[in-house]
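1. What follows is a predicted structure for the sequence shown.
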6 protein chains.
Amino acid sequence: MLRLNPVGYYRFVQASQFESSYAGGEANVAVSLANYGMSAAFVTKVPEHEIGQCAVNAMRQYGVDTTYMYRGGSRLGVYYAEKGASQRPSKVIYDRAGSSITTAKPEEFQWDEIFRDADWFHFTGITPALGGDLPKICLDACKAAKKRGLTVSCDLNYRKKLWSREDAGRVMAELMPYVDVCISNEEDAKDVFNIEAANNNVEGGNLNRQGYISVAQQLQARFGTKMVAITLRESLSANDNNWGAMLYCDGQAYFSPTYRIHIVDRVGGGDSFGAGLIYGVLEEKAPQDAINFATAASCLKHTIEHDVNLVTVEEVNALVAGNSTGRVQR
Amino acid sequence: MLRLNPVGYYRFVQASQFESSYAGGEANVAVSLANYGMSAAFVTKVPEHEIGQCAVNAMRQYGVDTTYMYRGGSRLGVYYAEKGASQRPSKVIYDRAGSSITTAKPEEFQWDEIFRDADWFHFTGITPALGGDLPKICLDACKAAKKRGLTVSCDLNYRKKLWSREDAGRVMAELMPYVDVCISNEEDAKDVFNIEAANNNVEGGNLNRQGYISVAQQLQARFGTKMVAITLRESLSANDNNWGAMLYCDGQAYFSPTYRIHIVDRVGGGDSFGAGLIYGVLEEKAPQDAINFATAASCLKHTIEHDVNLVTVEEVNALVAGNSTGRVQR
Amino acid sequence: MLRLNPVGYYRFVQASQFESSYAGGEANVAVSLANYGMSAAFVTKVPEHEIGQCAVNAMRQYGVDTTYMYRGGSRLGVYYAEKGASQRPSKVIYDRAGSSITTAKPEEFQWDEIFRDADWFHFTGITPALGGDLPKICLDACKAAKKRGLTVSCDLNYRKKLWSREDAGRVMAELMPYVDVCISNEEDAKDVFNIEAANNNVEGGNLNRQGYISVAQQLQARFGTKMVAITLRESLSANDNNWGAMLYCDGQAYFSPTYRIHIVDRVGGGDSFGAGLIYGVLEEKAPQDAINFATAASCLKHTIEHDVNLVTVEEVNALVAGNSTGRVQR
Amino acid sequence: MLRLNPVGYYRFVQASQFESSYAGGEANVAVSLANYGMSAAFVTKVPEHEIGQCAVNAMRQYGVDTTYMYRGGSRLGVYYAEKGASQRPSKVIYDRAGSSITTAKPEEFQWDEIFRDADWFHFTGITPALGGDLPKICLDACKAAKKRGLTVSCDLNYRKKLWSREDAGRVMAELMPYVDVCISNEEDAKDVFNIEAANNNVEGGNLNRQGYISVAQQLQARFGTKMVAITLRESLSANDNNWGAMLYCDGQAYFSPTYRIHIVDRVGGGDSFGAGLIYGVLEEKAPQDAINFATAASCLKHTIEHDVNLVTVEEVNALVAGNSTGRVQR
Amino acid sequence: MLRLNPVGYYRFVQASQFESSYAGGEANVAVSLANYGMSAAFVTKVPEHEIGQCAVNAMRQYGVDTTYMYRGGSRLGVYYAEKGASQRPSKVIYDRAGSSITTAKPEEFQWDEIFRDADWFHFTGITPALGGDLPKICLDACKAAKKRGLTVSCDLNYRKKLWSREDAGRVMAELMPYVDVCISNEEDAKDVFNIEAANNNVEGGNLNRQGYISVAQQLQARFGTKMVAITLRESLSANDNNWGAMLYCDGQAYFSPTYRIHIVDRVGGGDSFGAGLIYGVLEEKAPQDAINFATAASCLKHTIEHDVNLVTVEEVNALVAGNSTGRVQR
Amino acid sequence: MLRLNPVGYYRFVQASQFESSYAGGEANVAVSLANYGMSAAFVTKVPEHEIGQCAVNAMRQYGVDTTYMYRGGSRLGVYYAEKGASQRPSKVIYDRAGSSITTAKPEEFQWDEIFRDADWFHFTGITPALGGDLPKICLDACKAAKKRGLTVSCDLNYRKKLWSREDAGRVMAELMPYVDVCISNEEDAKDVFNIEAANNNVEGGNLNRQGYISVAQQLQARFGTKMVAITLRESLSANDNNWGAMLYCDGQAYFSPTYRIHIVDRVGGGDSFGAGLIYGVLEEKAPQDAINFATAASCLKHTIEHDVNLVTVEEVNALVAGNSTGRVQR
Ligand SMILES: [Ca+2]
Ligand SMILES: [Ca+2]
Ligand SMILES: [Ca+2]
Ligand SMILES: [Ca+2]
Ligand SMILES: [Ca+2]
Ligand SMILES: [Ca+2]
Ligand SMILES: [Ca+2]
Ligand SMILES: [Ca+2]
Ligand SMILES: [Ca+2]
Ligand SMILES: [Ca+2]
Ligand SMILES: [Ca+2]
Ligand SMILES: [Ca+2]
Ligand code: NI
Ligand code: NI
Ligand code: NI
Ligand code: NI
Ligand code: NI
Ligand code: NI
Ligand code: NI
Ligand code: NI
Ligand code: NI
Ligand code: NI
Ligand code: NI
Ligand code: NI
Ligand code: NI
Ligand code: NI
Ligand code: NI
Ligand code: NI
Ligand code: NI
Ligand code: NI
């Protein structure tokens, strides 16, 4: 998907140019994993023309395998992003109806070939939300993944402009049984499955740890999910957020430290968390270490322009180790 | 429609930002006329969100009446433009399927109100080519315009990626009887109506005056068009073109001088010609003066970035009067 | 007036380019009101050349009626703005001596025609401060406005580089009797009329509510002003300000909430407050609602580059309603 | 003087930023001479504020002595420049009424000190054209220069927007007797002194060598000027010019080669010619070598953005020696 | 190697920023081949820090295999490029002493592994010119390539700032026996091997076909080279060049058409020719078709910013087929 | 040295252009002093090519005497700077091996001539760290300075990538006996001389005043240094630092106020402190006034892009006087 954002803090109506970058839930995760030195492939469909090629090049640049970025259809999805400041919120306008991926057919994806050397399959709730045959394609992928013994992760990523809560709940409920690791922000579980974190006030801070544990337990109870990770964002202003996360597995909750972040660009924060978690699990970190890594990784994402999290394992580890003072590295 | 082009001569695959501007056949004509001090309104439909607002603002900025830029639908059409140089051609990628205007319904347009104080109605062949109810909407507009005594002009503007020659021929043939002034480039008449300028070699130069007269006569014979204007472009390279035009009316052909142009941006050249011609006819210029004005106006367009022709009547007249040496105006 | 500012945080001596925008006290108010869907016209005089045209276009772009932007004189006023950061203050250098508006003559303004469909007339103390016949022109406008039953508002906007306190006091005292709504910042009333807010320390915070009430009462007592609005800025640093306001009317003081703002660009903050207040009064909001709207509107201005406040009524209302956390709007 | 120009080929009405640079007839000459390794000082007056400081810094950057850039007055002159292309001419809008230099008083300039170590004094006709006491100041400078044995050069540089032909003729006639080297373009001598180059068609090419010799002879006859240099520009389009020059001295005319130039920025072309000529004479080049150097230097200026000619003696000499093919220097 | 160039036509001394891109003779060839859909790997050594990573990413972005971009050493070579215009030549300043590749050791390169699936090995004369062990490394590569049956090509690419003609002649003579395809511009053969094209005037045009044939024959006679390709550039100005080439093989000379090019950026022109030729030979084109493809490809390079030739096979074929008029592709 | 940094908060791997500026410990100090109206010369060696000239021009622009910027050698040192944000630290990559200054020979520097009119000599520990003959050159300079009665100051400026602690300790110990004023940050004294500030936690805040006094006393005891100044930085994040300093002289410690800074660019902060201190001492300020001036000056540096501190004495004094609220200066 092409991201177009005005330079700096300009509003849309002030823009005479847009920065262009290429993004998307799964794409962002793939770039992040490639940055960690993992072998990551991005599976999608983009048009044959040059704008589609730009999307391919953007993935290649960061070392993502683009063999399975199929070519066809007529347009690349677009989203417009305006950066907020202080009391003015950021704005995102999606324009992806009719994009190449939404016209994809199940038979175009040879999952057995795609998954040949794979250990993990990750998708987000945005993909089935795009409609067409995408719920079926996701289901095919999940089945093939499980058949071949891959771990499956899903970021619920509910987007109200893409589908209703009812549709989301129905479709995601079909996919969840295949999911080993479920990632959710502080609202997704409620939006999609009506599973609620009691007593928390997302807008105002003061997050309720017990509530999140309860959400994780409900998800696990309903779908048998092995691991549930929930990101906890407190928006103090468009510039300043608190950011932390919880990992629930083996009947136990692991909370990361909370970072107070002075934001450069918060879009893609959730995706960078997902990538950090996948890395942690694949590297067989202990749960506390995995959630700490994922949270530190996604903390750093907030300091980076555009959607993708361009940090190395060493940089994340330095933050995990407590080096959060931003002293110059010479 | 949002135009996105890389800065300068960058190719799409090199771009990390796009210049944004707002354009389209009829929009370009409206801006040009407003620059000449005429009262010009642009009738279309754009989404309610901020990107739609940007399109409205772009028209307002140059003094176009935006009362009839209806709001609704979900996306603004986009086109990507890459500037060619020397032997490398410019490239244009359209992405306008599903744009707000393509979802418009005939009953949304109150032509009697729209045309209340109008003297002229202009449209291009691109609009019905976009499909949906647009052929019907164009027909409604043509009928209402003729009923109220407006002059109607049409730029054939054939785009092969939008419709087949057969579809274009069929639809445009329905609209042409209402058209008083038909504008065509050196290829449109053949593409749309299979009316051919004999013996000309568009790619290589050496345009055949007699052939163009014959095209105009055939158009007139078939549709009763009062005036036919044909633009004559000789592409020497992506940077250098010869540019001239012919106006055929009252049984006589009037040829403009030919300009050798060192190009800044040639997109919108045809639209600026149309606007110049409309201005000339509305100002009741003699045919030779009208075609000279339209050609000089569109010559200047080629020296201006983006689609719209930002020149004044005085500037065009100075070129018509022979001031073509580009000496500094202090 | 043309605003020229270096990009980002560059100092003047580092700049190799300037961002250009078009601004001014009354212009800023007009744009803001047009953004709220009101019909707003800007009355001024700008040169006939292209830089004057740029000023006209900038107003048209945002929907302001430019019929009464008269053309003539030889130069557009300029101001240079350098953005401060942390302990380094912003700097503004004015260059408007001899600008077209300063050479305007009273007889050029047909106030009866200008005010034909108007409900409100707003001006700022900067306009008479520019000298020439401008005090007389303001007086003419005030008289014509009152004669036709318009509400008149004035932002005192004292600028010590434009005139002495004595001159300001004398001229403004002539105009104030026509003013229904007086807007002042925490210093203007003292600078212009020697009316003092007791015991407040503007530089250091700790504003004294009672003091401001007393200022409003004194203004009201001296000039019979119906409404007095005072903006209250606490400068913590060039990046961070507290911002609130008081509206005094019908013998009662209404204080807005105070916003802690992380600043993008604070120039035009006062103008955006004025526009918000005018909107509130024209919409017949209750005083508390009006001051809340005006303060929220101007809070948002601080997050927007350049002078004009590009926000909609919906966006202001969302902040008034307490949505100040800057969460992304998708 | 501050030069503001839109980026690239943008028209004024398209600009959202301006490139800023610092320029002026004498300033341009000073920079050029400093680039040639000569000791050059610029005498003027600029405001004390930061924009004035920017002008000082711009001169210092290129090694010009700024000791005599006096500080005072309130504004730096501005000019807006729009770059033409093909048939569209460049546009220059001056805004220098009231600039610091125009308010200078004769007693502010201690010419004896200024000229202490100087060999040459150069001024242009623009300076007295700015009015105020500047004609007197120029006269003082000329007298002091002659008294101390400096060579005096003057570029007539007629600007019709600054003064009438009559005023120019009268004032310049007072100064010319002190001038040893007079520089004129193909129109200045006629505009200022009604001395005409017979039979030449400046707009269309085909310059008449004999006519220019006659102009030089008339200037010499009237004012006793030792050397007269005339630049010969044929404008083929805004992008392409022919450029050459003639030096007349000791009763003989020396014509440079003519360069066909593909223009980057032609403003300052005349000033760069003057600097090249001054360098040539100071270096005691033979007349043919001097005019060749000056013409090659100013040819190169046309390939450089902004007013000042940033070339070295070596680069000019390479062109004089016939290296005009633009092969890459590695 | 990092390329740094001022934006547009700015001279070095005017630059406040540099465009950054990553380039180098062999890198440019690899990108071009990857663009043609071939599998291309780039073998080099770059530092481990982020600037080295940027070089890797730049190659990946265009699909080049970066497995053999070894990491180590302390700096990435830099070159500064200033774009010329008209009579002002472009300038290139190299800063690559001590770059990582110059510190590479022969034992770091496992040529048998590198060449495992390769059909072709290409290098340029710049690489051994960098000194250290690079001549030995090139020799190792040549030997390994021949042993495994690869075709070897070499672009002589003499750079006088890197080594003397004597050193070049001696080292290259050792490598040439392994070379199947030798590429040279109109000067390299003379600079390196003192093999001269009789009677040609490179600066002035008028290239002598017979002379180039003789050069090719001499190269073939001395080193047994199967194919010799010579590029023929006539520099008319920094903006306009004629460009053609000759391929000599099987005792016959094949001359391409000559293109008159309006230049965007000519650096990398020779490399793009080499890539086109390699593609043609690998695709088993007839000699005339191969030289036509290579020349058309490199003609297009001159219209593209920075070193690498971002064109597809289809685009080159369109130009080969005679589509050189630069008409817009919609 | 050329500084190259991506625009804004872009990471190196995102950059398609770099801002270019010219910097270096001693250069930064010289610019700062010139800004204060002092006569300051910069002694170094830069290459003869245009990039070397850029470094000269950058110094001249701000009024630094560049007579002793000798020309020669082959490259200008480069450093790449990436701006950090929040928890992500800034990164600096040095590339100065082989730069012109590192190849300088002692006999190239005529210290008696250089110091003829000088009162002060300042150098930093970076210069001897660059190796070659630079330790000897520094020693020569120190001796010549002392012989002529100049005050000598040294900023220890330890850089671990340039030399080991052992080398630094040995070389600096030779130079320190000539140093009157020693400047150190909170870590340098330990790194270079193993002199430790007891019990302080640099990363976490909570600096220990007594410890710094002890460091100063130890330096004084060991080398007889008259004045020791220590800067105290607490890094809260990459955006927010606390900044203060201590001056120890005549057996007494003077602590500046501590500033909480919202950072624009912190590189060069130490150099700006040094320049402020030199100014204070040369102006014979009392110790408390001198340290206050130096600290306020360097506080302001953190709000300015790039290395050099572009503030005036008036601006520093305003902050010293307590004007730290960043209110707009109109
Ligand atoms: Ca996303
Ligand atoms: Ca999410
Ligand atoms: Ca169009
Ligand atoms: Ca057309
Ligand atoms: Ca204002
Ligand atoms: Ca105000
Ligand atoms: Ca001039
Ligand atoms: Ca001139
Ligand atoms: Ca090359
Ligand atoms: Ca070559
Ligand atoms: Ca430093
Ligand atoms: Ca330091
Ligand atoms: Ni911030
Ligand atoms: Ni913050
Ligand atoms: Ni960005
Ligand atoms: Ni051309
Ligand atoms: Ni050109
Ligand atoms: Ni453009
Ligand atoms: Ni901030
Ligand atoms: Ni803040
Ligand atoms: Ni701005
Ligand atoms: Ni000038
Ligand atoms: Ni040309
Ligand atoms: Ni420029
Ligand atoms: Ni290279
Ligand atoms: Ni050309
Ligand atoms: Ni470029
Ligand atoms: Ni440094
Ligand atoms: Ni902060
Ligand atoms: Ni910067």
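-> Structure's in. What do you need? Numbers count the residues shown, from 1 in each chain, chains lettered A, B, ... in the order given. Ligands and ions are numbered 1, 2, ... in the order given.

2. Quick one: residues contacting whichever residue of the stretch 51-200 of chain A sits closest to chain D.
-> Per CB to the nearest CB, A:Glu82 is where the stretch 51-200 of chain A lies closest to chain D, at 16.8 Å. Every C-beta, even on glycine, is put in place using the N, C-alpha and C of the backbone. Applying CB atoms under 8 Å, 6 or more residues apart in numbering or on different chains to A:Glu82 gives the contacts A:5-6, A:10-12, A:90-92, B:50.

3. closest to A:Gly37 among those residues?
-> A:Asn5 (28.9 Å; CB to CB).

4. That closest one - how many residues pack around it?
-> The tally of other residues near A:Asn5 (other CB atoms under 10 Å in any protein chain shown) stands at 25.

5. ok so it is a helix residue?
-> No: judged by DSSP: H, G, I helix; E, B strand; the rest coil, A:Asn5 forms no part of a helix; its state is strand.

6. That one contacts A:Ser90, doesn't it?
-> No: in this structure, A:Asn5 is not within contact of A:Ser90 by CB atoms under 8 Å, at 9.4 Å.

7. Find the residues that touch each one of those two.
-> Joint contacts of A:Asn5 and A:Ser90 (CB under 8 Å, 6+ apart) are A:81-83.

8. Could you dump those residues into CSV with distance to A:Gly149 and secondary structure added?
-> CSV is the format used below for the shared contacts of A:Asn5 and A:Ser90 (distance: CB to CB, whole Å; DSSP: H, G, I helix; E, B strand; the rest coil):
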residue, distance to A:Gly149, secondary structure
A:Ala81, 38, strand
A:Glu82, 43, strand
A:Lys83, 42, coil
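
9. Are the host helix or strand of A:Cys182 and ligand 2 in contact anywhere?
-> Per DSSP states H and E, A:Cys182 falls inside strand A:181-184. No: Strand A:181-184 stays clear of ligand 2 (CB under 5 Å from the ion), getting no nearer than 7.7 Å.

10. Just the pLDDT for A:Glu203.
-> Looking at A:Glu203, its pLDDT stands at 51.

11. same question but for A:Lys136, I mixed them up
-> pLDDT, A:Lys136: 98.

12. Repeat that for the one 10 residues further on.
-> pLDDT recorded at A:Lys146 is 97.

13. Grab the nearest non-local neighbour of it.
-> Computed as CB to CB, 6 or more residues apart in numbering or on different chains, the closest residue to A:Lys146 that is not its neighbour in sequence is A:Tyr178, at 5.2 Å.

14. burial count for that neighbour?
-> When neighbours are defined as other CB under 10 Å, A:Tyr178 has 22 of them.

15. and if you look at the one 3 residues further on?
-> Using other CB under 10 Å, A:Val181 is surrounded by 22 other residues.

16. Next: A:Leu310.
-> Neighbour number of A:Leu310 under other CB under 10 Å is 23.

17. Can you name the residues that contact it?
-> A:31, A:35, A:62, A:304, F:11, F:13-14.

18. again, 10 Å this time
-> A:31-32, A:35, A:62, A:272, A:300-301, A:304, E:50, E:53, E:57, F:10-14 (CB atoms under 10 Å, 6 or more residues apart in numbering or on different chains).

19. in stretch A:318-329, what's buried?
-> By 16 or more other CB atoms under 10 Å in any protein chain shown, the buried positions in stretch A:318-329 come out as A:318-320, A:323-328.

20. Next, see if that stretch gets close to chain F.
-> Yes: applying CB under 10 Å from any CB of the partner chain, one finds stretch A:318-329 touching chain F at A:318-319, A:322-329.

21. quick check, that stretch touching chain E?
-> No: using CB under 10 Å from any CB, stretch A:318-329 stays clear of chain E, with a minimum separation of 10.6 Å.

22. pLDDT averaged over that stretch - what is it?
-> What stretch A:318-329 shows for mean pLDDT is 88.

23. end-to-end on it?
-> One end of stretch A:318-329 sits 11 Å from the other (CA to CA, to the nearest Å).

24. show me what contacts the closest residue to the residue of the stretch 51-200 of chain A closest to chain D other than its chain neighbours?
-> Leaving aside its sequence neighbours, A:Glu82 sits nearest to A:Lys91 (CB to CB, 6+ apart; 4.4 Å). Residues near A:Lys91 by CB under 10 Å, 6+ apart: A:11-12, A:80-84, B:49-50, C:315, C:328-330.

25. swap in A:Leu247?
-> Neighbour list for A:Leu247: A:181, A:183, A:216, A:227-230, A:253-256, A:277, A:280-281, A:287-292, A:294-295 [criterion: CB under 10 Å, 6+ apart].

26. Inside helices: which ones of those?
-> Residues of these located in helices (DSSP state H): A:216, A:277, A:280-281, A:287-292, A:294-295.

27. out of those residues, which are buried?
-> For those, buried by 16+ other CB under 10 Å: A:216, A:277, A:280-281, A:287, A:290-292, A:294-295.

28. neighbours around the closest residue to ligand 4 within the stretch 151-300 of chain A, how many?
-> Closest to ligand 4 within the stretch 151-300 of chain A is A:Lys161: 36.4 Å, counting by CB to the ion. Per other CB under 10 Å, the neighbour tally for A:Lys161 reads 10.

29. Check the one 5 residues further on too.
-> By the criterion of other CB under 10 Å, A:Glu166 has 8 neighbours.

30. Likewise for the one 5 residues further on?
-> The number of residues packed near A:Val171 is 21, by other CB under 10 Å.

31. Confirm it sits in a helix?
-> Yes: looking at A:Val171 with three-state DSSP, it is inside a helix.

32. isn't it right up against A:Pro135?
-> Yes: taking contacts as CB atoms under 10 Å, A:Val171 lies within contact range of A:Pro135: 4.9 Å.

33. what touches both of those two?
-> Among the neighbours of A:Val171, those also in contact with A:Pro135 (CB under 10 Å, 6+ apart) are A:128-129.

34. what's the nearest residue to the residue nearest in space to the middle of chain A if we skip its chain neighbours?
-> Nearest residue to the geometric centre of chain A (CA atoms, centre = their mean): A:Asp271, 2.4 Å. Spatial nearest neighbour of A:Asp271, excluding adjacent residues (CB to CB, 6+ apart): A:Asn28 at 3.6 Å.

35. Neighbours of the one you found, how many?
-> A:Asn28 has 27 neighbours, counted by other CB under 10 Å.

36. how about it, what does it touch?
-> A:22, A:42, A:124, A:155, A:267-272, A:274-275, A:301, A:306-309.

37. do the same with A:Trp120
-> Contacts for A:Trp120 (CB under 10 Å, 6+ apart) come out as A:33, A:38, A:40, A:145, A:150-153, A:180-181, A:278-279, A:281-282.

38. ditto for A:Gly274
-> Contacts of A:Gly274 (CB under 10 Å, 6+ apart): A:25-26, A:28-29, A:32-33, A:122, A:124, A:153-155, A:157, A:181, A:183, A:229, A:231, A:294, A:297-298.

39. again with A:Trp163
-> A:125-126, A:128-131, A:169-172, A:192 are the contacts of A:Trp163 under CB under 10 Å, 6+ apart.

40. Now it: phi and psi?
-> The phi/psi pair for A:Trp163 (degrees, to the nearest 10) reads phi -160, psi 160.

41. Confirm A:Lys136 sits in a helix?
-> Yes: the assignment for A:Lys136 by three-state DSSP puts it in a helix.

42. I'd guessed it sits against A:Pro106; true?
-> Yes: counting by CB under 10 Å, A:Pro106 is a contact partner of A:Lys136 at 5.2 Å.

43. Which positions are bridged to the residue nearest to A:Glu82 in the beta structure?
-> When bridges are called by DSSP bridges, A:Lys91 pairs up with A:Glu82, C:Gln329.
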